[in-house]
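J.: Build me a structure from this.
(one chain, ligands or ions: 1)
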Amino acid sequence: MTLDDIASIGRDAGTGGYRRFAWTDADMELREWFAGEAAARGMELVEDGNGNQFAWWGSGTDALLIGSHLDSVPDGGAYDGPLGVVSSFAAVDRLRADGLAPSRPVVVGNFADEEGARFGIACAGSQLVTGALSADKALGLKDRDGLTMAEVMTARGRDPRNVGRTDLLDSIGTFVELHVEQGRSLVHSDAAVGVATAIWPHGRWRLDFCGEANHAGATLMQDRHDPMQAYAATVLASRQLATDAGARATFGRLEVEPGGTNAIPSRVRAWLDARAADEGELDRMVDDLVGQARAAADRDGTTVTLTAESVSPAVEFDVPLRDRLASLLDAPVLPTGAGHDAGVLSPYVPTAMLFVRNPTGVSHSPAEFADEADCEAGVDALTAVVRSLA
Ligand SMILES: [Zn+2]
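T.: Numbering: from 1, shown residues only. Sure, this is the predicted structure:
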């Protein structure tokens, strides 16, 4: 079993990227694939009320959870998420072939809606499990077609009343998520596999720049209240502020109203993704950026409002577990600027992450890649981890 088994699911023929958003046809097909892999191994499949799938080898408490997610960002790569799920099933196969009888249950997981590509909140499935995201808030989230999560789940035969906190954490003793690296640290350290130390604090903010729609030809430049100008100034400011702070700031999504080529916009809605090494640095950068956005808007007689859609604190992974895995695998340790389900579960259960080398460092793009030999090394590492912990 390899990533080839699911390579065609949700792949856009034009871009070659994946569009595997929560509860879409592609996501449903991946769920069926996961259920089939569980059945083929005689593992009991449990789907919780949030759509998270778990394939159990053995039963009881203090289980060792391995796995990741199968959904993608718009035009995502083949590895972010699925590599962890496929490697987990492969590790189970190896251990069984070696005749291992685990001392605790081993569970392969597929967390729902990790990327938040449809409803805007990342790690929705794992955040619902822990209660970090409330059921009410989640169910009311709307996708770009105006459909709520409640409507979408109902259409897929799921009962929205079952969405929310679960007792999963009572039965899980450890979580290890394998993931393709989103950066080039492992290239620099010349290692196929690494162990995560921490996840940077990160968040998503919506900025609404409001002005006045008017004619592109008949309105003098000095008479305009064009919100696009303050938006553009904000994008330019974000590069400087993030560079100065050694942080990251990205505007990757934009909606313009009314959206006419020959009309001054009335509103520009933009989404900021920002990350920094610590929470103080992140807060400072976002505050400074909003200050510059307001100053630019004031100059044009427009306004800007900021809405925090999701903000995740810094995560420091369990130190004894990290040290144990790093010495077991003789692997380097590295931090990451990307969020993960492992980060969400980390405050509740000892959690670790393994990264597999990505030669270009490119992720959230069809160019995302990992060598076959490195993917094998990832399976070797995960197998060794499960053997050691279970
Ligand atoms: Zn991921």
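
J.: Can you give me the domain assignment for the protein?
T.: Domain segmentation of the chain under automatic domain parsing yields 3-199+314-389, 202-312.

J.: What mean pLDDT does the longest one get?
T.: Looking back up the chat, that one is domain 3-199+314-389. For domain 3-199+314-389, mean pLDDT rounds to 96.

J.: From one end of it to the other, what's the distance?
T.: Using CA to CA, to the nearest Å, the end-to-end distance of domain 3-199+314-389 comes out at 26 Å.

J.: What distance do you get for residue 309 to the ion?
T.: Residue 309 sits 19 Å away from the ion, going by CB to the ion, to the nearest Å. No exception for glycine: its C-beta is placed from N, CA and C like everyone else's.

J.: Are we agreed that that residue is in a helix?
T.: No: according to DSSP: H, G, I helix; E, B strand; the rest coil, residue 309 belongs to no helix; its state is strand.

J.: Kindly state the neighbouring-residue count (a burial measure) for the closest residue to it other than its chain neighbours.
T.: Of all residues beyond its chain neighbours, the one nearest residue 309 is residue 204 (4.6 Å), with distances taken as CB to CB, 6 or more residues apart in numbering. Using other CB atoms under 10 Å, residue 204 is surrounded by 21 other residues.

J.: Only alpha carbons, please: show stretch 201-216 as PDB.
T.: Output of stretch 201-216 as PDB, limited to C-alpha atoms (Å, rounded to 0.1, in the frame of the first residue of the first chain):
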ATOM      1  CA  PRO A 201       2.000  30.200  17.700                       C
ATOM      2  CA  HIS A 202      -0.100  31.100  14.600                       C
ATOM      3  CA  GLY A 203      -3.500  32.500  13.600                       C
ATOM      4  CA  ARG A 204      -5.900  33.600  10.900                       C
ATOM      5  CA  TRP A 205      -7.400  37.100  11.000                       C
ATOM      6  CA  ARG A 206     -10.000  38.600   8.600                       C
ATOM      7  CA  LEU A 207      -9.500  42.300   7.700                       C
ATOM      8  CA  ASP A 208     -12.500  44.100   6.200                       C
ATOM      9  CA  PHE A 209     -11.500  47.300   4.400                       C
ATOM     10  CA  CYS A 210     -14.600  49.400   3.700                       C
ATOM     11  CA  GLY A 211     -15.000  52.400   1.400                       C
ATOM     12  CA  GLU A 212     -17.400  53.700  -1.300                       C
ATOM     13  CA  ALA A 213     -18.100  52.100  -4.700                       C
ATOM     14  CA  ASN A 214     -17.900  54.600  -7.600                       C
ATOM     15  CA  HIS A 215     -17.100  54.900 -11.300                       C
ATOM     16  CA  ALA A 216     -13.500  54.100 -12.300                       C
END
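
J.: Flag every buried residue along it.
T.: Buried positions in stretch 201-216, judged by neighbour count with 16 or more other CB atoms under 10 Å: 201-214.

J.: Show me where the stretch 1-150 of the chain has its strands.
T.: Taking DSSP state E, counting those that start in this stretch, the strands of the stretch 1-150 of the chain run over residues 44-47, 53-57, 63-69, 106-111.

J.: With the stretch 151-300 of the chain instead?
T.: Counting by DSSP E, counting those that start in this stretch, the strands of the stretch 151-300 of the chain are 172-180, 193-199, 202-210, 214-215, 248-257, 263-264, 267-275.

J.: can you tell me which of those strands comes nearest to the ion?
T.: With CB to the ion as the criterion, the ion lies closest to strand 172-180 of the strands of the stretch 151-300 of the chain, at 5.7 Å.

J.: how about the CA coordinates for the closest one, as PDB?
T.: Written as PDB, here are the backbone C-alpha positions of strand 172-180 (Å, rounded to 0.1, in the frame of the first residue of the first chain):
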ATOM      1  CA  ILE A 172      -5.500   7.500  24.200                       C
ATOM      2  CA  GLY A 173      -2.200   7.500  26.100                       C
ATOM      3  CA  THR A 174       0.200   8.800  23.500                       C
ATOM      4  CA  PHE A 175      -0.100  10.400  20.000                       C
ATOM      5  CA  VAL A 176       2.700  10.300  17.400                       C
ATOM      6  CA  GLU A 177       2.000  12.100  14.100                       C
ATOM      7  CA  LEU A 178       4.300  11.500  11.100                       C
ATOM      8  CA  HIS A 179       4.200  14.400   8.600                       C
ATOM      9  CA  VAL A 180       6.100  15.600   5.600                       C
END
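
J.: if I look at the closest residue in space to residue 183 that isn't next to it in sequence, how far off is the ion?
T.: Distances taken as CB to CB, 6+ apart put residue 361 closest to residue 183, at 5.0 Å, once the chain neighbours are dropped. Separation of residue 361 from the ion (CB to the ion): 15 Å.

J.: Going forward, count from 14.
T.: Sure, I'll start counting at 14 from here, so that last one is residue 374.

J.: burial measure for residue 374, as a count.
T.: By other CB under 10 Å, the residues close to residue 374 number 17.

J.: sec struct for it, please.
T.: Following three-state DSSP, the label given to residue 374 is coil.

J.: Wait, it touches residue 199, no?
T.: No: shown here, residue 374 and residue 199 do not form a contact pair, counting by CB atoms under 8 Å, at 9.2 Å.
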